[in-house]
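Asker: Return atomic coordinates for the entry below.
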Amino acid sequence: MGANTVKKTSKSQVDRRGFLKTAAAGVVATIGTTPSSAQAPQSTAAASLPPMSKAAETQAPPPVDAITSDRPGSDFMVDILKSLGVDYVCANPGSTFRALHESLINYGGNKNPELITCCHEESSVAMAHGYAKVEGKPLATLLHGTVGIQHASMAIYNAYCDRVPVFLIAGNLLDATMRRPGVEWLHTAQDLATIVRDSIKWDDTPASLEHFGESAVRGYKIAMTPPMMPVLLIADGSLQENSVDPNHAPHIPRLPVIAPPQGESGAITETARLLVAAQNPVLIADRAARTAHGMALLVELAELLQAPVIDQWGRLNFPTLHPLNHTDRAMPLVANADLILGLELTDFWGTINSFRDQLQRSSSPIAKSDAKLISISAGDLYAKGNFQDLQRFPEVDLAIEADAEASLPSLIEAVKLLLTADRKRTFADRGAKLADTRRSMLDAARAQAAYGWDASPISTARVTAELWEQLKGEDWALVSETAFFSNWPLRLWDVNKYYQYIGGQGGYGVGYGAPAAIGAALAHRKHGRIPVNIQNDGDLMYAPGVLWTAAHHRIPILNVMHNNRAYHQEKMHIQRMANRHQRGITRASIGTSLEDPNIDYAKIAAGMGVYAEGPISNPADLGPAIRRALDVVRRGEPALIDVLTQPR
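Answerer: As a prediction, the model looks like this:
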């Protein structure tokens, strides 16, 4: 098969399409002939029919509808996905992409890409979200017309806010005269992409297969260019199901190497000058590191300057136990800084200001008025006006509109050129003091973690410590956010490899956690890593069917339930409002608790085919349960431990 043509079906054996074609021909032949008595017994009704006339015997058989296609357009679409290196396609089945589904599993052999069966479109997209943050490239997600894209809309918004590339394909049937009566009308739209257009980077509705090929490659390129976001392609049903003209095989465009935008040389040189001259510089990173190389570059810059780093954990930007990681004392560092370099900050204004959520809301600056503020971010290279994910406008001194990771090499070289022996001695003294402070911070965190060690429900710090005891000798990866777990894993564990933490969830839409974790675990599977998901209880209830997906596809992952039996953040908001209104907090559990009856997550998981234990309320039982569950994960299967936990 040529690289730029549709793959031909092998003729060495009778395949499904060949069989159907032969069967159809047989039906035609039967219509035009009468079986002899030697071939088959005649019924009484058949025997009473008048003999066929000579004219009827010589006439051409009546026309029949063509019911087979040797080479449908959906086969070409599969070739496009293969050319892009797409390894998986997540989908909940739907008729608007039925031809593409069939081509994936038969023509494509269900390999590269492999179809991952999901129980909800929101889970399909969330799995793609988590997968991309580990693998560094998208998988594809199929959405079923109007209903599928609406189901998926929350997960699409999460990926959009998190600046993650997700490759979406939605089925539709634009030609109204070709729609089957009834439900097919309800599942199609004139402009299907408009449902989510405000939360995607680009979309297109191809009118031909050649158009589809170009738009697929264009969309992949757009999704992978910082700032990365979801893109959407509408796959019309007619394009999928109609045959490809064998004399005009559509071309598969070549995907170019994508080079992220770098900072302008003059601005980078000025940034280096200010960094070297500063007495108290602070480096703050949110989504700066896109790869392991980006994390290594930030370490190199920080060590050159011996400057403290605040990791806002949109991604893992910096090793957690590094002497220059001072994330836990962000506010005093910002207050004392004479220069703040923000790297892909989603909220620069919120970083340098404090906000009081009181009856009369107010804000005040944290940073000094004369502190130099520099931003390196691709965020402003693409902006929309409807969703307010842009945050408040920061008044920085120098805004470098470029990808931070791509700009770090030139910034590092510019800093090296400016270093003198005197500045190196100054930086070394600063680094020694920062290292001493970092040791004190870690000692304080460990002491704080010991509070309530034997309490029941189990403290989040105890769960974190028990997990670390079992994981520290393994090749592990944390595939869940930690904010709702008091960030204990990032405060206590030695997280020093980029893939060991995937960062936050973007739009904070509940229902992201479980499917994103399993999508990330899917990416880790080929590397033999042990993925660990600290799973919020309320989040799992949005789409628990993703546990079945993990069991069905043998995706190894350890799920540890953070079962505090409440939507606890919302409970705290009700408590705050009750206090503000002077009514007390005793009724704050109404509408926020997950009790009466209590949910047994171990039974839910077991019913989905996942190994499960719990609920565990005695902290002494936790360590042995983790060991047993890890044995299951090591043999390539998912496991879940239901742990009754304290709120945070």
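Asker: how much space is there between L390 and G350?
Answerer: For L390, the distance to G350 equals 12 Å [CB to CB, to the nearest Å]. Placement of C-beta: from N, CA and C, glycine included.
Asker: I should have written M127 there, sorry.
Answerer: Distance from M127 to G350, counting by CB to CB: 30 Å.
Asker: which of the two has more neighbours?
Answerer: Legend: neighbour count by other CB atoms under 10 Å for M127 and G350, higher for M127 (32 against 16).
Asker: for T96, what are its contacts?
Answerer: By CB atoms under 8 Å, 6 or more residues apart in numbering, the contact list for T96 reads H144, G145, G148, A170, G171, N172, L173, E184, H187, T188, G237.
Asker: Among the residues you listed, the buried ones, what's the PyMOL command?
Answerer: PyMOL command restricting the contacts of T96 to the buried ones, with burial defined by 16 or more other CB atoms under 10 Å:
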select buried, resi 144+145+148+170+171+172+173+187+188+237
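Asker: In helices only, show me the contacts of T96.
Answerer: Judged by DSSP state H, the subset of the contacts of T96 located in helices is G145, G148, E184, G237.
Asker: Nearest to D286 among those residues?
Answerer: Nearest to D286 among the ones in helices among the contacts of T96 is G148, at 31.8 Å by CB to CB.
Asker: F97 versus that closest one, what's the distance?
Answerer: From G148 to F97 the distance is 9 Å (CB to CB).
Asker: Please parse the chain into its domains.
Answerer: Listed domain ranges for the chain are 2-66, 73-241, 265-443, 450-643 (source: automatic domain parsing).
Asker: For the third one, the averaged confidence score.
Answerer: The predicted model assigns domain 265-443 a mean pLDDT of 96.
Asker: And for the shortest one?
Answerer: Confidence over domain 2-66 (mean pLDDT, whole number) is 46.
Asker: Please apply the same query to stretch 492-506.
Answerer: 96.
Asker: Show the end-to-end separation of that stretch, please.
Answerer: In stretch 492-506, first residue to last residue: 24 Å (CA to CA, to the nearest Å).
Asker: likewise stretch 373-389?
Answerer: 21 Å.
Asker: Dump stretch 582-591 to PDB, restricted to CA.
Answerer: Taking C-alpha atoms only, stretch 582-591 is exported to PDB below (Å, rounded to 0.1, in the frame of the first residue of the first chain):
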ATOM      1  CA  GLN A 582     -25.800  34.400  61.100                       C
ATOM      2  CA  ARG A 583     -27.700  31.100  60.900                       C
ATOM      3  CA  GLY A 584     -25.100  28.500  62.100                       C
ATOM      4  CA  ILE A 585     -23.700  25.600  60.200                       C
ATOM      5  CA  THR A 586     -25.600  22.700  61.600                       C
ATOM      6  CA  ARG A 587     -27.700  22.200  58.500                       C
ATOM      7  CA  ALA A 588     -24.900  22.600  55.900                       C
ATOM      8  CA  SER A 589     -25.000  18.800  55.100                       C
ATOM      9  CA  ILE A 590     -28.400  19.100  53.500                       C
ATOM     10  CA  GLY A 591     -27.900  18.900  49.700                       C
END
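Asker: Next, format the ones in helices among the contacts of T96 as TSV and append distance to I574 and pLDDT.
Answerer: Shown next, in TSV, are the ones in helices among the contacts of T96 (distance: CB to CB, whole Å; pLDDT from 0 to 100):
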residue	distance to I574	pLDDT
G145	38	97
G148	34	97
E184	45	93
G237	47	96
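Asker: and which of those residues is nearest to R329?
Answerer: Nearest to R329 among the ones in helices among the contacts of T96 is G148, at 46.2 Å by CB to CB.
Asker: Am I right that the closest one is in contact with G94?
Answerer: Yes - with contact defined as CB atoms under 8 Å, G148 counts as touching G94 (5.5 Å).
Asker: Kindly export stretch 402-409 (C-alpha atoms) in PDB.
Answerer: Taking Å, rounded to 0.1, in the frame of the first residue of the first chain, the C-alpha atoms of stretch 402-409 are listed here in PDB:
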ATOM      1  CA  ALA A 402       5.500  32.600  23.500                       C
ATOM      2  CA  ASP A 403       5.600  29.100  24.700                       C
ATOM      3  CA  ALA A 404       7.600  29.000  28.000                       C
ATOM      4  CA  GLU A 405       9.200  25.600  27.500                       C
ATOM      5  CA  ALA A 406      10.400  26.500  24.000                       C
ATOM      6  CA  SER A 407      11.800  29.900  25.300                       C
ATOM      7  CA  LEU A 408      13.700  28.500  28.200                       C
ATOM      8  CA  PRO A 409      16.800  27.300  26.300                       C
END
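Asker: What residues sit buried inside it?
Answerer: Result for stretch 402-409 [16+ other CB under 10 Å]: buried residues A402, D403, A404, E405, A406, S407, L408.
Asker: Over to stretch 280-296?
Answerer: Buried residues in stretch 280-296, defined by neighbour count with 16+ other CB under 10 Å: 280-290, 294-295.
Asker: what's the answer for stretch 466-485, then?
Answerer: The neighbour-count check on stretch 466-485 (16+ other CB under 10 Å) flags 466-468, 470-471, 476-482, 484-485 as buried.
Asker: Ok, stretch 430-440 next?
Answerer: In stretch 430-440, counting by 16+ other CB under 10 Å, buried: R430, G431, L434, R438.
Asker: and if you look at stretch 510-528?
Answerer: Going by neighbour count (16+ other CB under 10 Å), the buried part of stretch 510-528 is 510-525.
Asker: thinking again about what came up before, could the buried residues of stretch 402-409 go into TSV alongside secondary structure?
Answerer: Compiled in TSV, the buried residues of stretch 402-409 are given as follows (DSSP: H, G, I helix; E, B strand; the rest coil):
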residue	secondary structure
A402	coil
D403	coil
A404	helix
E405	helix
A406	helix
S407	helix
L408	helix
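Asker: For those residues, give me TSV that also has distance to G504.
Answerer: Shown next, in TSV, are the buried residues of stretch 402-409 (distance: CB to CB, whole Å):
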residue	distance to G504
A402	22
D403	19
A404	17
E405	18
A406	22
S407	22
L408	21
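Asker: ok, how many other residues are close to R180?
Answerer: By other CB under 10 Å, neighbour count at R180 equals 10.
Asker: ok, now D422?
Answerer: Residues contacting D422 under the criterion other CB under 10 Å number 8.
Asker: now do E613
Answerer: E613, neighbours per other CB under 10 Å, totals 21.
Asker: before we move on, what about A126?
Answerer: 35.
Asker: Mind checking what secondary structure it has?
Answerer: helix.
Asker: try the one 5 residues further on
Answerer: With three-state DSSP as the basis, Y131 sits in helix.
Asker: Pull up the per-residue confidence for the residue nearest to it when sequence neighbours are not counted.
Answerer: Closest residue in space to Y131, ignoring its immediate chain neighbours: G519 at 4.0 Å, by CB to CB, 6 or more residues apart in numbering. What the model reports as pLDDT for G519 is 98.
Asker: and the helix or strand containing G519, how far from the chain's centre?
Answerer: Assigned by DSSP states H and E, G519 belongs to helix 513-525. Its chain's C-alpha centre and that of helix 513-525 lie 8 Å apart, by CA atoms, centre = their mean, to the nearest Å.
Asker: Check stretch 614-632 too.
Answerer: Mean-position distance between stretch 614-632 and its chain equals 29 Å (CA atoms, centre = their mean).
Asker: and S377, what is it in contact with?
Answerer: S377 sits in contact with G342, L343, E344, L345, A399, I400, E401, A402, A404, where contact means CB under 8 Å, 6+ apart.
Asker: Lovely, talk soon.
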